[in-house]
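[1] Any chance you could fold what I've pasted below:
(chains A and B)
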Amino acid sequence: MPPKPMPNTLVIVESPAKARTIEKYLGKGYTVESSIGHIRDLPKSAAEIPERYKSESWARLGLNVDDDFKALYVVSPEKKGHVAKLKKLAQEADELILATDDDREGESIAWHLLQELKPKVPVRRMVFHEITKEAIQAAIASPRDIDTNLVEAQEARRALDRLYGYEVSPVLWRKVAPKLSAGRVQSVATRLLVDREWERMRFVSGSWWDIEAQILTADGAAFPARLSELEGKRLALGRDFDPATGKLKAGSDVTMLNEAQARELALKLTPAALTVASAEEKPFTQKPYPPFITSTLQQEGSRKLGFGAQRTMRAAQKLYEGGYITYMRTDSPNLSAEAMNAARTQVKSMYGDSYLSPQPRIYAAKSKNAQEAHEAIRPAGNSFRTPDSLKNELDSDGWRLYDLIWKRTVASQMADARGRRMQVRLSGKASDGRAVLFNASGRAIDFPGFLRAYVEGSDDPNAALEDREVILPPLTQGQAVTGKTMTPGGHETQPPARYTEASLVQSLESQGIGRPSTYASIIGTIQDRGYAAKKGSALIPTWTAFATSALLEHHFGKLVDYDFTARMEEDLDDIAGGRQQRVPYLRAFYSGEGGGMGIHPLIEAQMPAIDARAVATIEVPKLIGSGIEVRVGRYGPYLSMGDVKANIPAEMAPDELTLEKALELMSRPSGDHPLGDDPETGLPVIAKAGRFGPYVQLGDTNPPTRTASLFPTDDLNDLTLERALKLLTLPRLVGTSEGEEVWALNGKFGPYLKRGSDSRSITAHEQLFTVTIPEAEEAFRQPRFRGRGAAVAGPLKVFEYADRAAIQLKSGRFGPYLTDGTRNATLRKGEEGAELTLEDARSILEERGKEPQKKPGKAKAAAKKPATKAKGTTSSRSKATKKPAVRAEAGGMAIHAPLKKTVKAPAKKAAPRKTAAKPVAKAPAKTALAWADLKSHLGVLSEQERALVVATREQGRKVEEVAPGLGLDVKKAKGMALQASKKLNQAARAE
DNA sequence: CAGTGAGCGAGCTTCCGCTTGACTT
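    Alright, predicted model coming up:
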């Protein structure tokens, strides 16, 4: 008889390293695998949205806001393979144990596994709090069911974060800049940085003087003391100053010395006979710090090792995977029984009994939303390996971090440190009879206790200095001492320090914002979005962060409230506890039912109210009244005073922008960056931000000798002279072909080649420097536009149908696409135009074909042939508006190619908007509306642009006549009017 | 906030949390 096959139980945990460990303890009959975190999530971008949901109004959000916030979960492409593997293992198993973490997210992962694997075998849920054989076997013996309330709470959290992020971010795209983001965590983190920077910007430093004395006792012992009172009145300290004025706070009853007074007094005190007025000594004890959790590990990694959060976590991850430490993403400082035992044993053996805390020290999480699914971060195992024994086994980062973790863990079970604090007051008189009082304080450690192993770092070097041990000689009341030297010293109040990675994490954590697994990435996110930059260890918010934060605070204040997450956690706890329901909770948040926040209607209401220009303008306290404004623009932050603009250098922190600096920047208007001189001509080379983007110019004459636009890959802020000179070699004469010169140029539509009156775009900017005549000739042999030249003759391919209009395959700017004249569909990756069948083409177009959007001011009708009446319509309109330049531009933008492409329509003809094409009657109404529409977007324009547009469009004045009043020459003004019109149309179209 | 020449299906960006490789230099 064949032996009965051994039963096979599949256990799924979250982390592969944990799976390996557990598998060892469970032995035969068990297969342990990991989910590697979450296996499914809401689609994160359009590419992940399944085809059949794409047309849904809520598809962009990934959850159906009209149907109880039902989530659309997808397995991301990179997880597909792994999920398939788990599915297969589940099918082969006799039993499935879901052993994901014992917290909200872990419960959810278990539920998703159940949903996705659809196991046909018995399923049990269990949790391990310790990875020891006993604990695991105990857990196996006491399974439970999936806690659906906890899963609901997780789904509520997930939905809320999605709704917040994906509803609010688009507001920023519209009002500040594209690709920005808002989120429950990042927006508060950004706000913290911005608020701190505001404090620094408003801060006015105060200064005061005091005297430091070297005191000598009769026995010759010396110690320092500081003047603290004069004539019975306390001397001012930093805390007596008002940070807003730099002066003493109102009502403070203190004496302040200036330099002269301090020096004079010092002279009158040398030498001074002083008496000990009081000498106090108080014992103190200090307890060790709790074992590490993620946030404290990151803080100490930063303070003591100088590691960024990412670096600390990378090193910790390796230690964890190597089995050196326990799990590194935790919010619990708790030590398991085996860890406690190991730590205490080690203290005894390494430091002796007297250094052991008499009672085991038990630590609890401080943060109110701690989930405590794991124990503290500590050396792994039931006896800790000493750092010394690992010296040759670990890399440098790993060893230093292990050393830190080991010390902190061991110290946490050590005895209190004991010592004395001494406080001495010395009285005396200056030679002019004024009464003085000096203070000295000291600190002596009598028994170091845990300090033998571990001293916590400090973010503030001054604080660390003050804390150092200063030992005072024994002193008794009435004892006479001498003030040997008197050194007057000046002091200044300091603004609050900027956040570092570590202190930001600490602050977020203390407010319950973010989770251990995300602390490090939060910092990455706000840097990636351009909200903050690191300078040394300081996190400095950018001007974009100021603009974004201001928008959110003014219009969505509740969302960036520091308590928002704390309140959310309470609600989630209620959902987890069955006291509240997910759907009504989300409805309140999203739609505002039952008096909730209702972000959806709130955004609808706020959108028109948000003045993009006001948001982009930052009122810097030190510039108020100067007429200089800080604005965030397309090319970065700049200063503006009427006509004059100057870029703010990227490396300048907001609090460094003083009036003086601002004036200095303004003296180099338009943010010129002088790069040096051209060695050939000796002319200066200057980088500038222009109306058409950043460019360099040769010579400082007007007009300059030469100009050249930067390539998209160039950065105005770190352009070298060498690069600028290279750019200035353009346009480049490539050679001759067919008797004509061939030039390589960088134009407004990008790089192109020109031969006589013919031109061809080329793909890469850098080719401008390298393209050869044979290559150019090849380009000129190609049709003028990619696929376009062919398009005149016909599309790439035509699919004919009996029952529907023919479908054409065309090549466009965004790649190949299908069109039947009314609807278009871009081909996706993997869909080869050449391989499409009739039916493919039909199904693609019918499934996802879209009608081109009709936009105000850009009529769809324009796509068809111009009606003959167009000209009449336009010219009459042109008379009405009297604004040639702007009108021509607007018309030109809307026009599609006339059939005769070689003939360029003169501006006057270009003006006829083909809007007139379809229903002619509609055109005037549309254009009339257009100005009304445009008008509401005046906010996107600069003052000058606005003045121009209003004068021309509303008052019907000519550019020529308005320009002088604005201090512009006519040519510039026309250009500006053109740009302004573009901007307005763009803004209106975005609506 | 400087000038060099076309013309045409836009569509996507974004959140927070849970986890690691698979790639390349």
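
[2] CA atoms only for stretch A:601-615, dumped as PDB, please.
    Taking C-alpha atoms only, stretch A:601-615 is exported to PDB below (Å, rounded to 0.1, in the frame of the first residue of the first chain):
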ATOM      1  CA  PRO A 601     -18.800  69.700  -4.000                       C
ATOM      2  CA  LEU A 602     -16.200  71.700  -2.200                       C
ATOM      3  CA  ILE A 603     -13.800  71.400  -5.100                       C
ATOM      4  CA  GLU A 604     -16.500  72.300  -7.500                       C
ATOM      5  CA  ALA A 605     -17.300  75.400  -5.600                       C
ATOM      6  CA  GLN A 606     -13.800  76.400  -5.000                       C
ATOM      7  CA  MET A 607     -12.400  75.900  -8.400                       C
ATOM      8  CA  PRO A 608     -13.700  79.100  -9.900                       C
ATOM      9  CA  ALA A 609     -12.900  81.000  -6.700                       C
ATOM     10  CA  ILE A 610      -9.200  80.100  -6.800                       C
ATOM     11  CA  ASP A 611      -7.300  82.900  -8.400                       C
ATOM     12  CA  ALA A 612      -4.300  81.200 -10.000                       C
ATOM     13  CA  ARG A 613      -2.400  84.500 -10.100                       C
ATOM     14  CA  ALA A 614      -3.000  85.200  -6.400                       C
ATOM     15  CA  VAL A 615      -2.000  81.700  -5.500                       C
END
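
[3] For it, buried residues please.
    By neighbour count on 16 or more other Cβ atoms under 10 Å, the buried set for stretch A:601-615 is A:602-603, A:606, A:610, A:612-613, A:615. Using the backbone N, CA and C atoms, a C-beta is placed for each residue, glycine as well.

[4] Kindly report the same for stretch A:132-144.
    Within stretch A:132-144, the residues scored as buried using 16+ other Cβ under 10 Å are A:132, A:135-136, A:139-140.

[5] ok, residues contacting it?
    A:22, A:25-26, A:97, A:99, A:124-129, A:336, A:338, A:382 (Cβ atoms under 8 Å, 6 or more residues apart in numbering).

[6] among these, which are in strands?
    A:97, A:124-125 (DSSP state E).

[7] Report the buried members of those residues.
    Buried among these by 16+ other Cβ under 10 Å: A:97, A:124-125.

[8] Just put these in CSV and tack on pLDDT.
    Listed next are those as CSV, based on pLDDT from 0 to 100:
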residue, pLDDT
A:Ile97, 96
A:Arg124, 95
A:Arg125, 96
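
[9] now, which of those sits nearest DNA strand B?
    Using Cβ to the nearest atom of the strand, the shortest approach to DNA strand B within these belongs to A:Arg125, at 16.3 Å.

[10] isn't that closest one right next to A:Val151, touching?
    No - the pair A:Arg125 / A:Val151 is not scored as a contact, 10.9 Å apart, by Cβ atoms under 8 Å.

[11] returning to that earlier point: want to try CSV for the ones in strands among the contacts of stretch A:132-144, with distance to DNA strand B as columns?
    Output for those, formatted as CSV (distance: Cβ to the nearest atom of the strand, whole Å):
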residue, distance to DNA strand B
A:Ile97, 18
A:Arg124, 21
A:Arg125, 16
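
[12] any chance of the residues you listed in a markdown table, plus distance to A:Ile405?
    Output for those, formatted as a markdown table (distance: Cβ to Cβ, whole Å):
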| residue | distance to A:Ile405 |
| --- | --- |
| A:Ile97 | 31 |
| A:Arg124 | 34 |
| A:Arg125 | 31 |
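
[13] picking up where we left off before, among the buried residues of stretch A:601-615, name the ones in helices.
    Using DSSP state H, the subset of the buried residues of stretch A:601-615 located in helices is A:602-603, A:606, A:612-613, A:615.

[14] which of those residues sit farthest apart?
    Maximum pairwise distance among these (Cβ to Cβ): 21.6 Å, between A:Leu602 and A:Arg613.

[15] Where is pLDDT lowest across the contacts of stretch A:132-144?
    Scanning those for pLDDT, the low point is A:His129. It has 80.

[16] What count of nearby residues applies to it?
    18 (other Cβ atoms under 10 Å).
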